[in-house]
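Asks: return a 3D structure for these sequence lines:
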Amino acid sequence: MITLRLSLMMFLQFFIWGGWFVTLGTYLSNTLSANGGQIGMAFSTQSWGAIIAPFIVGLIADRFFNAEKILGLLHIVGAVLMYCMYQANDFASFYPYVLAYMIAYMPTLALVNSVSFGQMVDPSKEFGKVRVWGTIGWIVAGLMISYVFSWDSAQSIADGMLKNTFLLCSVASLMLGVFSFTLPNTPPQSSGKAVTIRDILGLDALALLKDKNFFVFFLSSVLICIPLAFYYQNANPFLTEIGVENATGKMTLGQVSEVLFMLALPVFLNRFGIKATLVIGMAAWVVRYALFAFGNADEGLFMLIVGIALHGICYDFFFVSGQIYTNSKAGENVKSAAQGLITLATYGVGMLVGFAVAGAITDTYTMETGAHSWQQVWLFPAGFAAVVLVLFAILFRKEKVNADA
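Replies: Below you'll find the predicted structure:
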């Protein structure tokens, strides 16, 4: 019964995120007439949320409140902010709400994990069965938008129907907010030791950067986030603009791929090693963007589908294997600090820069008609990822890593 409740929590948590974030660029461009720089600003709220979230969780949630209660409160606040986003009719009024929303939402990613771990005897065996429902929630949201409501069809976008994604997610956020107060009691995890800013930022793990291999990996992780930002920001607007039907639904193939390659990752790591795995992950970004650059909605549609399906390799083989590598390099005393540092550097700083670059490049290749020279847009992250790949392959030495570390 507890597993069912935790699974529903995860389903709603990621249904909410997948229900508006995927189509955000398309909505802002077509409904609010935002330019590339403004769209980049909107997406970068994820990074600001990731930077601020550890302070909310580390300084407040972990010390003073039950995780399920602050989770409920944040989602109720999020429901109100999401409704305000639904009502906004220009970018100037929309942006403050999306910024406030992401500051409220990003801490909940850690809180749902805390609630789950608090009820599990062996999280290493039990958590995956619960977490997979989050991916299912993201997939269901995309399928509903495309195949149930058709909000991402050309006519619906022209009619402004994509704004309904915010209303849908507002309702889901309210449901999860109320439901959270019924979740099992999860008291603060603090042992009584005061949490410092140094702890939150993971600064105790900075010593790991003295290791040349880890430094190369760390720098590559930050740089590869620039190409990553292009996918989050531009994939849905690109597919929609060139006439791919049910683009949001087709993009859920990326999440299906993510689940499948997650299962293959430990075997691949132990057989071929961390360097080969990371290289393949980065190479997949190059191939994906090349496919996007030369594919189209007609005879080249298969190239776009393959590019979407590569998401599992792109994400799992680099970012998830990177988390495993970081865990193996850090000693017991700094494992949490090391993960915090790499998360702050990638989803915080790296993605923040990435969204700004993606916005600038998109604006550069926006024509007077409002359409885009998408081939040029996609060739930039393809080339950038290729440079990072080559530098990493040259500078990173082979190293044995236990996938179960």
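Asks: show the secondary-structure elements that the host helix or strand of Phe179 is packed against.
Replies: Phe179 belongs to helix 164-180 when assigned by DSSP states H and E. Where contact means 3 or more C-beta pairs under 8 Å, 6 or more residues apart in numbering; DSSP states H and E, helix 164-180 is packed against helix 2-18, helix 67-87. Where you see a C-beta, it was placed from the backbone N, CA and C, and this is true even at glycine.
Asks: in it, what's buried?
Replies: By 16 or more other C-beta atoms under 10 Å, the buried positions in helix 164-180 come out as 165-166, 168-170, 172-177, 179-180.
Asks: from Leu73, how far out is Thr226?
Replies: Wrong residue type there; residue 226 is Ile, not Thr. Plainly put, Ile226 is 35 Å away from Leu73 if you go by C-beta to C-beta, to the nearest Å.
Asks: Trp285 touches Cys225, doesn't it?
Replies: No - here Trp285 does not reach Cys225: they are 10.5 Å apart, not a contact under C-beta atoms under 8 Å.
Asks: among the buried residues of helix 164-180, which one sits closest to Thr364?
Replies: Thr165 (28.1 Å; C-beta to C-beta).
Asks: now the top helix by length along the chain, how far from the centre of its chain.
Replies: Longest helix in the chain, counting residues (DSSP state H): helix 212-241. The chain centroid and the centroid of helix 212-241 are separated by 11 Å, computed with C-alpha atoms, centre = their mean, to the nearest Å.
Asks: helices and strands around it, which ones?
Replies: Against helix 212-241 (3+ C-beta pairs under 8 Å, 6+ apart) you get helix 24-30, helix 36-43, helix 247-251, helix 274-294, helix 311-315, helix 321-329, helix 351-364, helix 374-395.
Asks: how about a cut-off of 7 Å?
Replies: Applying 3 or more C-beta pairs under 7 Å, 6 or more residues apart in numbering; DSSP states H and E, we find helix 212-241 packed against helix 24-30, helix 36-43, helix 247-251, helix 274-294, helix 321-329, helix 351-364, helix 374-395.
Asks: could you dump these into a markdown table and include distance to Ser7?
Replies: Putting those into a markdown table (distance: least, C-beta to C-beta, whole Å) gives the following:
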| stretch | distance to Ser7 |
| --- | --- |
| helix 24-30 | 26 |
| helix 36-43 | 29 |
| helix 247-251 | 23 |
| helix 274-294 | 28 |
| helix 321-329 | 23 |
| helix 351-364 | 28 |
| helix 374-395 | 35 |
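Asks: quick one: those as TSV, columns for mean neighbour count and mean pLDDT too.
Replies: Converted to TSV, these look like this (neighbours: other C-beta atoms under 10 Å; pLDDT from 0 to 100):
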stretch	mean neighbour count	mean pLDDT
helix 24-30	24	97
helix 36-43	22	97
helix 247-251	25	97
helix 274-294	22	97
helix 321-329	20	86
helix 351-364	22	96
helix 374-395	18	98
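Asks: picking that back up, which among the helices and strands packed on helix 164-180 is found nearest to Phe272?
Replies: Closest among the helices and strands packed on helix 164-180, once you apply C-beta to C-beta, is helix 2-18, at 30.0 Å.
Asks: give me the angle between that closest one and helix 67-87.
Replies: Put simply, helix 2-18 runs at 30 degrees to helix 67-87, going by axes from the mean of the first three to the mean of the last three C-alpha atoms, to 10 degrees.
Asks: from Lys400, how far off is Val334?
Replies: Val334 is 20 Å from Lys400, where distance means C-beta to C-beta.
Asks: okay, those two: which has more neighbours?
Replies: Val334 (19 against 10; other C-beta atoms under 10 Å).
Asks: pLDDT weak spots in this protein?
Replies: For the chain, applying pLDDT under 70 flags the ranges 57-63, 124, 189-203, 332-333, 336, 401-405.
Asks: outline the domain layout of it.
Replies: Domain ranges of the chain: 1-183, 203-405, per automatic domain parsing.
Asks: ok now stretch 254-265, how far from the chain's centre?
Replies: With C-alpha atoms, centre = their mean, you get 15 Å for stretch 254-265.
Asks: now stretch 127-135
Replies: Taking C-alpha atoms, centre = their mean, one finds stretch 127-135 lying 16 Å from the centre of the chain it belongs to.
Asks: identify the residues contacting it?
Replies: For stretch 127-135, the external contacting residues (C-beta atoms under 7 Å, 6 or more residues apart in numbering) are 3, 6-7, 10-11, 13-14, 116-117, 120, 255, 258-259.
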